[in-house]
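J.: model this:
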Amino acid sequence: LLTPLALAFALGWSAADLGLSRPRLDRGSLLFILACVILICGVIPVIRLAPDYLARYATWRNAAVPLAVRLEQFSLFTISSLLGWEFLHRGFLLFGLRRACAMGGIPEDLSRHMAVCVTATFEVLFHFTKPGMEAAGMLLASPLLSIAAFRTGSLWVPLGLHLMIEGLFFLVISS
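T.: Reported below is the predicted structural model:
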């Protein structure tokens, strides 16, 4: 978290250049976020149908460990990694690449598309060691979260959506 932050500030980028500002929530952005929530809520339960997914996360299903303990462990892991993950991928890569492209004279629309594609590539690659359904899900989730970030000008909205995904994931896996 500190290395990309130090690099960005050394380049003279502001917190807003990295998506660390308050989100702009206009009607279109709110409708897009609502559509993302509906889609996520519809897709996450499908993972119950994937045996490799359930096998990979069997420790979260361990009935010998009380649910409260599993929830605490899962929450600590999720909270400790989620902010760094979102900042690295959506703050530094997504917003940073768009900023670097703009500095290089690349048009805004093209720089946004390039940033979404590069961010999605990194996120899918990070998920390759996980079950296939999870890596494939990133092909949809990463661009959606990145578009939400651009629409709102902030990484806080995708962070919230990512937290919702993790919470639903835990509910589905642990049940």
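
J.: quick one: the helices in the chain?
T.: Here the chain has its helices, by DSSP state H, at 2-10, 27-43, 51-56, 67-86, 96-103, 108-126, 132-152, 156-174.

J.: lowest average pLDDT across the ones you listed?
T.: Lowest mean pLDDT of the helices of the chain: helix 51-56, a mean of 77.

J.: and it, what other elements does it pack with?
T.: When contacts are defined as 3 or more CB pairs under 8 Å, 6 or more residues apart in numbering; DSSP states H and E, helix 51-56 packs onto helix 132-152. (Glycine included, C-beta is placed from N, CA and C.)

J.: how does it look with 10 Å?
T.: Applying 3 or more CB pairs under 10 Å, 6 or more residues apart in numbering; DSSP states H and E, we find helix 51-56 packed against helix 132-152, helix 156-174.

J.: for Ala68, which of those helices is the nearest?
T.: helix 156-174 (10.9 Å; CB to CB).

J.: quick revisit: how about JSON lines for the helices of the chain, with distance to Gly19 added?
T.: Compiled in JSON lines, the helices of the chain are given as follows (distance: least, CB to CB, whole Å):
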{"stretch": "helix 2-10", "distance to Gly19": "11"}
{"stretch": "helix 27-43", "distance to Gly19": "14"}
{"stretch": "helix 51-56", "distance to Gly19": "30"}
{"stretch": "helix 67-86", "distance to Gly19": "9"}
{"stretch": "helix 96-103", "distance to Gly19": "9"}
{"stretch": "helix 108-126", "distance to Gly19": "11"}
{"stretch": "helix 132-152", "distance to Gly19": "6"}
{"stretch": "helix 156-174", "distance to Gly19": "8"}
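
J.: so which of these comes closest to Leu20?
T.: Here helix 156-174 is closest among the helices of the chain (CB to CB), at 8.2 Å.

J.: dump the helices of the chain into a markdown table; add mean neighbour count as well.
T.: Listed next are those as a markdown table, based on neighbours: other CB atoms under 10 Å:
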| stretch | mean neighbour count |
| --- | --- |
| helix 2-10 | 13 |
| helix 27-43 | 14 |
| helix 51-56 | 14 |
| helix 67-86 | 14 |
| helix 96-103 | 19 |
| helix 108-126 | 16 |
| helix 132-152 | 19 |
| helix 156-174 | 19 |
